[in-house]
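> I would like to see how this sequence folds:
(one chain, ligands or ions: 2)
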Amino acid sequence: MAVDYTTRDGVAVITLNNPPVNGLGLSTRAGIVEGIERAQNDPAITAIVLTGAGKAFSGGADITEFNTPKATREPTLATVIKAVEGSAKPVVAAIHSVAMGGGLELALGAHYRIAARGAQIALPEVKLGILPGAGGTQRLPRAIGLEAALNMIVSGATVLSDTLAGSGLFDELVEGDLAEAACAFARKVGAKEGPHPKVRERQITHPNAAGFIQFARNSVAAAAKPFPAPHKCIDAIEAGVLNGFDKGLAFERECFVALVQTPKSRALRHAFFGERAASKIPDVPADTPVRDIEQVAVIGAGTMGGGIAMNFVNAGFPVTLLETRQEALDRGLATIRKNYEASVSKGKLEPEALEARMALITPTLSYDDLKNADLIVEAVFEELGVKEQVFSRLDEVAKAGAILASNTSTLDLDKIAAFTKRPQDVVGMHFFSPANVMKLLEVVRGRQTAKDVLATVMKLAKKIKKTAVVSGVCDGFIGNRMIEQYIRQALFMLEEGALPAQVDKAIEKFGFAMGPFRMSDLAGNDIGWAIRRRRYQEHPGMHYSRIADRLCETGRFGQKTGGGWYDYKAGERTAYPSKVVDEMIVAYSKEIGVARRKIGDEEIVERLVLALVNEGAKILEEGIASKASDIDMVYLTGYGFPIYRGGPMLHADTLGLYNVERAIRRYAAQPNGDAWQLAPGIARLAAEGRGFNG
Ligand code: 3HC
Ligand code: NAI
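Numbering: from 1, shown residues only. Ligands and ions are numbered 1, 2, ... in the order given. Coordinates of the predicted model:
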């Protein structure tokens, strides 16, 4: 049973008991209604307390039920709230830990609310591409006022119960035993004559509601661009202000039903569950013991090492930072300080915190200082010989059980592990640049990486606020292996008739944060060049456009050299289309005998995105990623794929794999078609009428 019913001296206590967060699924909803009715029929009961067991009052509607028959089966949440609000005996919501979404809406239906201090209160529906669908847009403004409510609803932000003290939401804020206090409060109000107060009967008072709503509309217009939900939140609130509670409620419902079916909402829900699913590894049980991590060391204080050290320091870990030379160490520390200073000047960090964070870093030139480290992350030059030096030295000095991680982006982790006599302790922790900012962490699982090492690193990733995705060992892991095929298509399209600005514009319009050419200019075109030169040797038969090599031969490495695919003005990051480069591209097509043609934006987007999808399907097939949503999380958090499309694999499902297969076969028959080797998994799933996500 998802709801418990007990009595305490004349008070019925209805406790939601649906772990982990008391989601309001069908059986929980039915249990609440049953409890309310039981209490009505028991003459010994004078009042009802509604509360939640475990770690939440309620995290809201059960999102897994959305768009399934269970979501609309009675009692719906609206019916439950009606039963609560209509109870002749007063209902007191006793809120602790978390009251979000439908959970808060349920509490708003109660006659009274008391809350523990520190409880997290939110209507976060907008983050799932929907709006509160059980009266939140109507009752919250009546409880805490139009402005505060609109801000909470449109942003989905979490507010602590303490902050809302005196707002009209809570009748009492409780320090000690919530259940005890709630029952005492219930007894008190149970002794009063009814009817008991209803939030729906309160008035929304505001000196200039129309003006404020217009102001909110203007503010949201810029921020919410591709998302309809924030606008609908405002519309629903306005409907309540103009037409009263019942009409507002009906309009809110209409908007909810429409939004929950949109691909954008599906994508946001996919990302919500994808993030949580990423931390689960199929053959590593949730109860796998983890190693204690207290002391961290980072080797190499360059671009990546500095950022990696900052992640751990920000989470309170003391970090020993090792370099080969004092100048490199000094330079690395100065960069870290500069980054923190920038945060201070933006008001994101207290000045005292800066020194406290710097004090957590112990710089050193000696491996002896690493002997107490529980985790050592290597971020030295990307050369196998250098990695060998470092890992064989670590094997000598690191304590037994220490986790030895490499940040390598292209080298074979199994080879690195073999430089030690403890390959089970070696794992990849592939951070993305800038490492202190980017959310993504690819955790690379070597052939012999121990399960408890993986479990430890996944747990640690949460502490340093990263989205960790496990990847098997292969060239480029998940993210870079896929992006190589995407860039390959982008370059072929230059040969065939497109120009960099057109390609970038088309894919940015699709929603990518940055097109392939602006991205390459930012990362440095020399990086891709070095990888391609390696490929030419390793896979001489593989067909690449040589156009990017031509660019690199002229020294145009990107922003850092003042020019790449685009021109850059000193001190600016704006990309200006380059006449020289565009002419070079046209001349190159001529040289290789290609008659340039007009390539439509639709083709650009399709080829780029399907290149990701096709490689992603191969990655799944080979078991490099254990589920499609892991690939999507890599692309959403590390590569600027538009969140409202849910990542390449969900996007492929939205297109339909039948259509994906046909498009790939069509491109395979065109010039440069040898780059399209259809992933067998796509054909198989398409034939079965399925998608990557079921
Ligand atoms: N429905 C279904 N499952 C949910 C859920 C929900 N509303 N909220 C959380 N879960 C699940 C998670 O998927 C996760 O499952 P797992 O253990 O199988 O991975 C588990 O509960 C624990 O979640 P977290 O790992 O996120 O736990 P935390 O303790 O870190 O956070 C939380 C708890 C703050 C409640 C967070 O889970 C959260 O923000 N949840 C979403 C809240 C939300 O968006 N509510 C609105 C729902 S829509 C709604 O109510 C519509 C209504 O207006 C009609
Ligand atoms: P970098 O050149 O900026 O920094 C490397 C640092 O390591 C230098 O400060 C150097 O002095 C130091 N170093 C070299 N050999 C050393 C040794 N034996 N012992 C201690 N320190 C040593 O390089 P970057 O960009 O930080 O890359 C480091 C690693 O991170 C590489 O493996 C790279 O592939 C990987 N990586 C880089 C990304 C990037 O965008 N730059 C992204 C993800 C991974």
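> who in the stretch 251-400 of the chain is up against ligand 1?
Residues of the stretch 251-400 of the chain lying near ligand 1 by CB under 6 Å from any ligand atom: 273, 276. C-beta coordinates here come from the backbone N, C-alpha and C atoms, glycine included.
> Right, and ligand 2 sits closest to which residue of the stretch 251-400 of the chain?
G302 (1.8 Å; CB to the nearest ligand atom).
> Could you tell me how many residues sit around that residue?
Neighbours of G302 under the rule other CB atoms under 10 Å: 15.
> so what's S366 up against?
Residues in contact with S366 (CB atoms under 8 Å, 6 or more residues apart in numbering) are L322.
> switch to 6 Å and redo it
With contacts defined as CB atoms under 6 Å, 6 or more residues apart in numbering, S366 has no neighbours.
> Low-confidence ranges, the protein, go.
Counting by pLDDT under 70, the chain contains no low-confidence range.
> which parts of it sit against ligand 2?
Near ligand 2, when you scan the chain using CB under 6 Å from any ligand atom, you find 299-305, 322-324, 328, 379-382, 386, 389-390, 407-409, 430-433.
> In helices only, show me the residues you listed.
Among the residues of the chain next to ligand 2, the ones falling in helices (DSSP state H) are 303-305, 328, 386, 389-390.
> so how far is ligand 2 from the residue of the chain found nearest ligand 1?
Closest to ligand 1 within the chain is G101: 2.4 Å, counting by CB to the nearest ligand atom. The gap separating G101 from ligand 2 is 37 Å, by CB to the nearest ligand atom, to the nearest Å.
> Give me the three-state assignment for N339.
helix (DSSP: H, G, I helix; E, B strand; the rest coil).
> burial count for it?
N339 has 17 neighbouring residues, counting by other CB under 10 Å.
> quick one on the thing from earlier: and the ones in helices among the residues of the chain next to ligand 2, which are buried?
304-305, 390 (16 or more other CB atoms under 10 Å).
> now these as a markdown table including distance to M633?
Output for those, formatted as a markdown table (distance: CB to CB, whole Å):
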| residue | distance to M633 |
| --- | --- |
| M304 | 21 |
| G305 | 25 |
| V390 | 30 |
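> So which of those residues is the closest to L678?
When those are ranked by distance to L678 (CB to CB), M304 comes first, at 35.7 Å.
> could you pull out the helices for the stretch 351-500 of the chain?
351-359, 384-397, 413-417, 451-463, 477-496, 500-510 (DSSP state H, counting those that start in this stretch).
> Packed most tightly, which of the ones you listed would that be?
helix 477-496 (a mean of 23; mean count of other CB atoms under 10 Å).
> Only the buried residues of stretch 90-108, if you could.
90-108.
> Out of those residues, list just those in strands.
Per DSSP state E, strands hold the following members of these: 91-95, 98-100.
> Pull up the gap between I483 and ligand 2, please.
Distance of I483 to ligand 2, computed by CB to the nearest ligand atom: 12 Å.
> M458 too?
For M458, the distance to ligand 2 equals 19 Å [CB to the nearest ligand atom].
> isn't that residue right up against T467?
No. M458 is not in contact with T467 according to CB atoms under 6 Å; the separation is 10.6 Å.
> So which residues of the stretch 451-600 of the chain form strands?
Taking DSSP state E, counting those that start in this stretch, the strands of the stretch 451-600 of the chain run over residues 467-472, 566-567, 576-577.
> could those strands be laid out in JSON lines, adding mean neighbour count?
Listed next are those as JSON lines, based on neighbours: other CB atoms under 10 Å:
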{"stretch": "strand 467-472", "mean neighbour count": "25"}
{"stretch": "strand 566-567", "mean neighbour count": "20"}
{"stretch": "strand 576-577", "mean neighbour count": "14"}
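> will you turn those strands into CSV that also has distance to ligand 1?
Listed next are the strands of the stretch 451-600 of the chain as CSV, based on distance: least, CB to the nearest ligand atom, whole Å:
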stretch, distance to ligand 1
strand 467-472, 12
strand 566-567, 40
strand 576-577, 43
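> Just send those strands back as CSV, with distance to T205 too.
Listed next are the strands of the stretch 451-600 of the chain as CSV, based on distance: least, CB to CB, whole Å:
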stretch, distance to T205
strand 467-472, 43
strand 566-567, 55
strand 576-577, 54
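> okay, among the ones in helices among the residues of the chain next to ligand 2, which ones form the most distant pair?
So, those by CB to CB: farthest apart are T303 and Q389, at 19.7 Å.
> Relative to N525, how far out is the residue of the stretch 251-400 of the chain closest to ligand 2?
Counting by CB to CB, to the nearest Å, the gap from G302 to N525 is 19 Å.
> Contact partners for the residue in the stretch 551-694 of the chain positioned nearest to ligand 2?
Distance from ligand 2 to each residue of the stretch 551-694 of the chain (CB to the nearest ligand atom) is smallest for G638, at 10.1 Å. Applying CB under 6 Å, 6+ apart to G638 gives the contacts 432, 440, 479.
> Specify which member of those residues is nearest to R573.
For these, the nearest to R573 is F432 (18.6 Å; CB to CB).
> With the flanking residues excluded, which residue is spatially nearest to the closest one?
M438 (3.9 Å; CB to CB, 6 or more residues apart in numbering).
> right, and the residue of the chain closest to ligand 1 touches S58 too?
No. In this structure G101 lies outside contact range of S58 using CB under 6 Å: 8.1 Å.
> What sits closest to K459 if chain neighbours are left out?
Closest to K459 by CB to CB, 6+ apart is V290, at 5.4 Å.
> dump the residue contacts of that neighbour.
455-456, 459.
> could those be laid out in CSV, adding distance to ligand 1?
Listed next are the contacts of V290 as CSV, based on distance: CB to the nearest ligand atom, whole Å:
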residue, distance to ligand 1
A455, 15
T456, 18
K459, 12
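> What is the nearest of those residues to ligand 2?
Once CB to the nearest ligand atom is applied, the member of these that ends up nearest ligand 2 is T456, at 20.7 Å.
> is it true that the closest one touches T288?
No. Contact criterion CB under 6 Å: T456 and T288 do not qualify, at 8.8 Å.
> Okay, domains of this protein per the record?
3-259, 296-471, 479-688 (automatic domain parsing).
> Output those domains in CSV; the columns should cover distance to E275.
Below are the domains of the chain laid out as CSV (distance: least, CB to CB, whole Å):
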stretch, distance to E275
domain 3-259, 12
domain 296-471, 6
domain 479-688, 6
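> Name the residues of this protein found near ligand 1, please.
With the criterion set to CB under 6 Å from any ligand atom, the chain comes near ligand 1 through 20-21, 23, 56, 59-64, 77, 98, 100-102, 105, 124-125, 128, 132-134, 136, 273, 276.
> ok, of these, which come out buried?
21, 23, 56, 59-63, 77, 98, 100-102, 105, 124-125, 128, 132-134, 136.
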